[in-house]
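J.: Structure for this input, please:
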Amino acid sequence: MLFSRAAFSTRVRGVVAVVAACASLAGCASTTDVVAADKPGTYTVAASAAGGRMAWAWARAHEHAVSEARDYCERRGMQSSVTTETVSGVQAMAEHASSVKFECHPKF
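T.: Residues are numbered from 1 along each chain as shown. Below you'll find the model as predicted:
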């Protein structure tokens, strides 16, 4: 099926609009570097997310922090164990954050 130039342009603009709308709902997320905590063998990492619905932003922040902890331990041939999590930003359309304290343990 062949499209005219005008029909193709309209179709492309529609696709771009859909992608832009999805991106605005997804928002942005960022993660800090993993740092050593107060207790030996314990580390912390934080993540934040903004945009979209409150539950989605918190879930993205939580998943990014937990994922970074898991990746950190896996790069060392170990598995992560989250000991505590602190969250902030419980209002709609606010930046949501998750700070995770974790340990790396040998894989069994």
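
J.: Contacts only, for the residue nearest to Phe102 when sequence neighbours are not counted.
T.: In space, and not counting its chain neighbours, Phe102 is closest to Ala69: 4.3 Å by Cβ to Cβ, 6 or more residues apart in numbering. Backbone N, C-alpha and C define where each C-beta goes, glycine included. By Cβ atoms under 8 Å, 6 or more residues apart in numbering, the contact set of Ala69 is 34, 43, 45, 80, 82, 100, 102.

J.: just for the protein, where's the confidence low?
T.: Within the chain, the segments meeting pLDDT under 70 span 1-27, 51-55, 90-94.

J.: all helices for the chain, in order.
T.: Remark: helices assigned in the chain by DSSP state H are 5-26, 54-74.

J.: tell me which of the contacts of Ala69 is nearest to Phe108?
T.: Nearest to Phe108 out of those is Ser80 (Cβ to Cβ; 13.6 Å).

J.: Quick check: chain neighbours aside, which residue is closest to the closest one?
T.: Using Cβ to Cβ, 6+ apart, the nearest residue to Ser80 is Cys73, at 4.1 Å.

J.: beta partners of Val100?
T.: Val45, Glu85 (DSSP bridges).

J.: So what's the residue count around Arg75?
T.: Neighbourhood size, Arg75 [other Cβ atoms under 10 Å]: 10.

J.: What distance do you get for it to Arg60?
T.: Separation of Arg75 from Arg60 (Cβ to Cβ, to the nearest Å) stands at 22 Å.

J.: burial measure for Phe108, as a count.
T.: Neighbours of Phe108 (other Cβ under 10 Å): 4.

J.: if I pick it, what's in contact with it?
T.: By Cβ under 8 Å, 6+ apart, the contact list for Phe108 is empty.
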